[in-house]
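**Student:** Predicted model, plus sequence, below.
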Amino acid sequence: MHVQQTVYRLPRRGFFHEPPKNDGSARQIYLTPTAIGALSRQRAKQGESKLALGATYDDNDLVFAAPTGGPQDPGVFYRRIARIADKAGIQHVHPHMLRHTCASTHLRAGTHPKVVSEILGHASITMTLDTYSHLIPDMQADAAAELDRRLAVDP
């Protein structure tokens with residue numbers, strides 16, 4: 001997936017498209033086969049809307065567009081996330097938490113922080129490490145155990 005633009009909304013002014021805020025924000029993100037399948041289904045659904053609306057479809061080449069093709073109101077996404085979380089028995093979920101979950105999962109799995117920084121589009125690895133430094137103590141213990149395992153010498 002290529003992140004090429006930022007879409008944001010200003011109350012009473014509408015939606016705006018801009019280049020990403022920094023050089024690291026415009027990026028390529030490698031996706032899992034599951035994510036690619038979900039995005040393919042989403043694209044097919046958008047294609048159906050585009051065919052149904054014809055020339056009135058406002059094609060902005062967005063991943064998650066409104067049924068008319070333009071930017072989707074963020075409230076729609078927020079409500080969908082809340083509904084899914086509620087079914088899972090999780091309360092007070094905010095869409096930005098998905099980003100934190102992605103970063104935390106990667107770091108705990110041993111993904112190099114520079115790679116996590118690139119996935120998130122942070123301007124620097126420092127920003128990633130400052131934001132997720134609370135995960136480091138656990139990671140240090142795991143790293144020490146792994147180093148001990150690799151350097152173990154039979155007496």
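**Tutor:** Cool, got the structure.
**Student:** can you pull the contacts of the residue nearest the centre of the chain?
**Tutor:** Centroid-nearest residue in the chain, with C-alpha atoms, centre = their mean: Arg99, separated by 5.1 Å. Residues in contact with Arg99, defined by C-beta atoms under 8 Å, 6 or more residues apart in numbering, are Leu120. Every residue, glycine included, has its C-beta placed from N, CA and C.
**Student:** how does the chain divide into domains?
**Tutor:** 1-72, 92-155 (automatic domain parsing).
**Student:** excluding its backbone neighbours, what's nearest Tyr78?
**Tutor:** Leaving aside its chain neighbours, Tyr78 sits nearest to Pro95 (6.0 Å; criterion: C-beta to C-beta, 6 or more residues apart in numbering).
**Student:** re the thing from before, can you redo the domains of the chain as JSON lines with mean pLDDT and distance to Arg79?
**Tutor:** Shown next, in JSON lines, are those (pLDDT from 0 to 100; distance: least, C-beta to C-beta, whole Å):
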{"stretch": "domain 1-72", "mean pLDDT": "88", "distance to Arg79": "11"}
{"stretch": "domain 92-155", "mean pLDDT": "86", "distance to Arg79": "10"}
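**Student:** May I see the ones you listed arranged in a markdown table, with distance to Asp86 as well?
**Tutor:** Output for these, formatted as a markdown table (distance: least, C-beta to C-beta, whole Å):
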| stretch | distance to Asp86 |
| --- | --- |
| domain 1-72 | 20 |
| domain 92-155 | 8 |
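**Student:** of all the ones you listed, which lies closest to Ala82?
**Tutor:** domain 92-155 (6.3 Å; C-beta to C-beta).
**Student:** pull the longest helix from this protein.
**Tutor:** If you go by DSSP state H, the chain has its longest helix at helix 33-53.
**Student:** In the chain, mark out all the strands, start to finish.
**Tutor:** 2-3, 6-10, 14-18, 27-28 (DSSP state E).
**Student:** sorry, back to before: what's next to the longest helix of the chain, contact-wise?
**Tutor:** Met1, Leu31, Tyr57, Asp59, Val63, Phe64, Ala65, Pro67, Thr68, Gly69.
**Student:** Now restrict the residues you listed to buried residues only.
**Tutor:** Tyr57, Ala65, Gly69 (16 or more other C-beta atoms under 10 Å).
**Student:** quick revisit: ok, how many other residues are close to the residue nearest to Tyr78?
**Tutor:** 12 (other C-beta atoms under 10 Å).
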